[in-house]
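# Starting from these lines, generate the structure:
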Amino acid sequence: SYQSVANQFGVGRSTVGVAVMQVANAIVELLLSKVVTLGNVQVIVDGFAAMGFPNCGGAINGTHIPILGPDHQGSQYINQKGYFSMVLQALVDHKGRFTNINVGWPGKVHDALVFRNSGLFRRLPRPEINS
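Numbers count the residues shown, from 1 in each chain. Reported below is the predicted structural model:
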């Protein structure tokens with residue numbers, strides 16, 4: 001917890017929160033695009049098919065990461081279970097490797113809205129509509 005880290009290093013909880021955000025931002029800016037990639041879609045589809053899931057390009061889910069309540073718009077970060085959180089959405093391939101990560105939405109936001117506004121959704125092919 002933030003409090004146990006704060007106690008261990010003799011700093012305040014807010015200082016721990018700032019450090020966590022700095023590290024998270026550095027990871028996103030410097031590492032995410034190098035480590036988390038969509039990979040070869042056909043290999044992933046074939047891998048899922050071999051496991052009994054035909055035409056599957058990944059397994060996706062969202063989870064809530066507990067956070068300290070922010071000073072600004074705090075109510076937006078209170079999730080269905082009543083605690084402050086941010087939503088993390090992740091996609092994994094047939095081997096359980098992360099291929100896409102989306103994090104930062106307030107805990108109150110529904111998973112469907114997070115997905116609909118994700119970079120992953122924007123990259124999905126759209127069916128043509130013939131008039």
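# contacts, neighbours, all on C-alpha from now
Will do.
# right, and the helix or strand after the helix or strand of the chain with the lowest mean pLDDT?
Lowest mean confidence among the helices and strands of the chain (mean pLDDT, DSSP states H and E): helix 32-35, at a mean of 64. In the C-terminal direction, the helix or strand that comes right after helix 32-35 (DSSP states H and E) is helix 41-50.
# Which stretches in this protein count as helices?
Assigned by DSSP state H, the helices in the chain fall at 2-9, 13-30, 32-35, 41-50, 111-116, 119-123.
# what's around residue 39, how many residues?
Counted with other CA atoms under 10 Å, the neighbours of residue 39 add up to 12.
# how much space between it and residue 122?
Distance from residue 39 to residue 122, counting by CA to CA, to the nearest Å: 17 Å.
# got it, and residue 38?
Using CA to CA, which is the criterion applied here, residue 38 is 13 Å from residue 122.
# In terms of neighbours, single out the busier of the two.
When neighbours are counted by other CA under 10 Å, residue 38 comes out ahead of the other of residue 38 and residue 122, with 18 against 11.
# what's the closest non-adjacent residue to the more buried one?
Excluding the flanking residues, the one nearest residue 38 by CA to CA, 6 or more residues apart in numbering is residue 99, at 4.7 Å.
# pretty sure the one you found contacts residue 44?
No: with contact defined as CA atoms under 8 Å, residue 99 and residue 44 do not form a contacting pair (10.3 Å).
# shared neighbours, these two?
Residues touching both residue 99 and residue 44 (CA atoms under 8 Å, 6 or more residues apart in numbering): residue 93.
# Flag the shaky bits of the protein, pLDDT-wise.
Across the chain, the ranges flagged by pLDDT under 70 are 32-37, 130-131.
# The same query, at a cut-off of 80, please.
Counting by pLDDT under 80, the ranges of the chain that qualify are 27-39, 70-72, 125-131.
# What is the burial count for residue 44?
Applying other CA under 10 Å, we find 20 residues neighbouring residue 44.
# now do residue 27
Look at residue 27: counted by other CA under 10 Å, it has 12 neighbours.
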